[in-house]
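What follows is a predicted structure for the sequence shown.
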Amino acid sequence: MLASAAPLDLSAWKYRKRIPLTPGDGLTIVKLDREVYTGSSNWLADLRLIRDAQEIPFVLRTLGAQPEPVVEVEELLDRSVVPGVGLQFVIHLRRAAKHNSVVLQTEEKNFRQRVRIETSQSGVRWATVRDDGAIFNFSQDGRELSSTMVEYPVSTRPFLRVTVFGWHKTDMVTSATVDQADSQPAVYEIFSTLVPQVWEDPETKSTVVSTDQGVTGLPVSRIRLETSSPQFQRAVAIETSDDGKNWQYLVQHAIARLPGPEFTEESLLMPAAGAHRYLRLRIYNRDDQPIQIGKVSLEGLVSEIAFLAPSSGAYWLYYGNPAVTRLSEYDLGAVLARGSFHENSWILGPAEINPGYRAPAAPTKPWSEQHPAILYTVLGGAVLALGIATFRFAARLR
């Protein structure tokens, strides 16, 4: 049995939601919803689970969230220049794993090159998995925009052969990393599907796509773009804002739709981070025609809380306390790691104002703001006294 924490003063939490559940021996799973995201403060740090005025331990889980991977720089073998083709090299993966993309590091600037990816089990017989990949680099709008990642269907073969067409020096690719495919794909939900505002910026030769979710707090982690344009590859700069006026640069990415002989490579997903109300995409067209923009979907990883509920009672999830900046830490995580529990899923009830909520007192104004007349009188007297003293001093000098 886990000991509950001491009684918690809940007067500073503004909102709560009832969790209608049936007590049992399994693990209770409750998915967080839109109201919790937008009403919570400091990225869910203020979540508290209460039963009969007692704090109940829980674990906050994000489905499919992966720890930061350890990036290993692969050794480039058999570098050579194939006449009439380009630079070619081989990568032998150090450990067996699923992989689906390679990132090339280069010091070259202002380029756009076609890339072919081949895989092999033995390094002798090769199969082409991507023949129409592309990498690029250029500077525009005061930023250097670059995409040197080439994706391909998931493979388990340990050998990769990379050909960069049009490059004729063996040192034009300095190193490479191979990304592993996720063994447990992340689980996303759609927070908003919006018809964006779109306009062309002739000065930077870019299409600007602006979205407004109407609220802050939704943890958007990726952006999905809809377009009817048949083929393209464009650099994209992503910006965020909370007021629609002051914008902050977030990240750059690339979108593409590249038809091939066997399949069309399509990449219309872009990474995002934060819980901002506004998102803006700047798609750099350069000398190409702008692509047609449809709807924009903002998606985030599914988050849920997990806890043990063996006893009956009223279970409530409290949130909405901006003074709390750290999620509570419990022993429950260690307990769950050592055992196996069947899971029971439940949904949150409607949001309501915490009946015991007391709004924080308004900050006390400084004495000078409470008594401006006295302050200005004293300042006026001081200025007058200085003026008289200055006049007398000048008269003495004369």
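Sure thing, it's come through. Residues are numbered from 1 along each chain as shown.

pLDDT wise, what is residue 68 at?
In this model, residue 68 is scored at 55, pLDDT.

any idea where the helices of the chain begin and end?
Here the chain has its helices, by DSSP state H, at 34-39, 332-337, 367-370, 372-397.

and of these, who's closest to residue 186?
Closest to residue 186 of the helices of the chain, according to CB to CB: helix 34-39, at 17.0 Å. C-betas here are computed from N, CA, C, even on glycine.

returning to what we had before: residue 103 is nearest to which of the helices of the chain?
helix 34-39 (32.1 Å).

The closest one - contacts with which helices or strands?
If contacts are counted by 3 or more CB pairs under 8 Å, 6 or more residues apart in numbering; DSSP states H and E, helix 34-39 sits against strand 15-18, strand 315-319, strand 351-353.

Quick check: mean pLDDT of that helix?
Helix 34-39 carries an average pLDDT of 96.

which other residues reach it?
14-15, 17, 44, 47, 191, 215-219, 275, 317, 319-320, 348, 351 (CB atoms under 8 Å, 6 or more residues apart in numbering).

In it, which residues are buried?
Buried positions in helix 34-39, judged by neighbour count with 16 or more other CB atoms under 10 Å: 35, 36, 37, 38, 39.

gap between that helix and the chain center?
Mean C-alpha position of helix 34-39 versus that of the full chain (CA atoms, centre = their mean, to the nearest Å) differs by 17 Å.

before we move on, what about stretch 286-304?
Here stretch 286-304 is found 14 Å from its chain centre; the criterion is CA atoms, centre = their mean.

Let me know how buried residue 327 is, in neighbour terms.
Residues lying near residue 327 (other CB atoms under 10 Å) number 15.

Distance of it relative to residue 37?
14 Å (CB to CB, to the nearest Å).

Ramachandran coordinates for the residue most central in space within the chain?
By CA atoms, centre = their mean, the chain has its centre lying nearest to residue 273, at 2.0 Å. Backbone geometry at residue 273, expressed as degrees, to the nearest 10, gives phi -160, psi 150.

contacting residues for it?
Shown in contact with residue 273 (CB under 8 Å, 6+ apart): 220, 221, 250, 251.

do that again at 7 Å, thanks
Contacts for residue 273 (CB atoms under 7 Å, 6 or more residues apart in numbering) come out as 221, 250.

cool, and residue 219?
37, 275, 300.

count of residues packed around the last one?
The reference is to residue 300. Residue 300: 20 neighbours (other CB under 10 Å).

follow-up on the earlier one: mind putting the contacts of residue 219 into JSON lines with distance to residue 174?
Shown next, in JSON lines, are the contacts of residue 219 (distance: CB to CB, whole Å):
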{"residue": "37", "distance to residue 174": "42"}
{"residue": "275", "distance to residue 174": "37"}
{"residue": "300", "distance to residue 174": "36"}
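
tell me which of those residues is nearest to residue 88?
Nearest to residue 88 out of these is residue 300 (CB to CB; 40.6 Å).

Identify the bridge partners of that closest one.
Per DSSP bridges, the residues bridged to residue 300 are residue 189.

Can you give me every residue that contacts it?
188, 189, 191, 218, 219, 220, 221.

and the third one, what does it touch?
Listed by CB under 7 Å, 6+ apart, the contact set of residue 191 reads 34, 218, 220, 298, 299, 300.

and of the helices of the chain, who's closest to residue 91?
helix 332-337 (35.8 Å).

Just list whatever residues bridge to the nearest residue to residue 78 once chain neighbours are set aside.
Spatial nearest neighbour of residue 78, chain neighbours left out: residue 90 (4.7 Å); criterion: CB to CB, 6 or more residues apart in numbering. Beta-bridge partners for residue 90, by DSSP bridges, are residue 77, residue 161.

Do you know the pLDDT at residue 90?
Value for residue 90, per-residue pLDDT: 96.

measure it to residue 271 for me?
Residue 90 sits 30 Å away from residue 271, going by CB to CB.

List the buried residues for stretch 78-89?
86, 87, 88, 89.

mind putting those residues in CSV, distance to residue 376 included?
Compiled in CSV, those are given as follows (distance: CB to CB, whole Å):
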residue, distance to residue 376
86, 77
87, 75
88, 80
89, 77
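
measure residue 373 to residue 380 for me?
11 Å.

before we move on, what about residue 395?
23 Å.

Please apply the same query to residue 316.
Separation of residue 316 from residue 380 (CB to CB) stands at 57 Å.

How is this structure divided into domains?
Domain ranges of the chain: 1-60+308-383, 73-180, 188-301, per automatic domain parsing.

Which of the contacts of residue 300 sits closest to residue 203?
The closest of the contacts of residue 300 to residue 203 turns out to be residue 220 (CB to CB; 28.3 Å).
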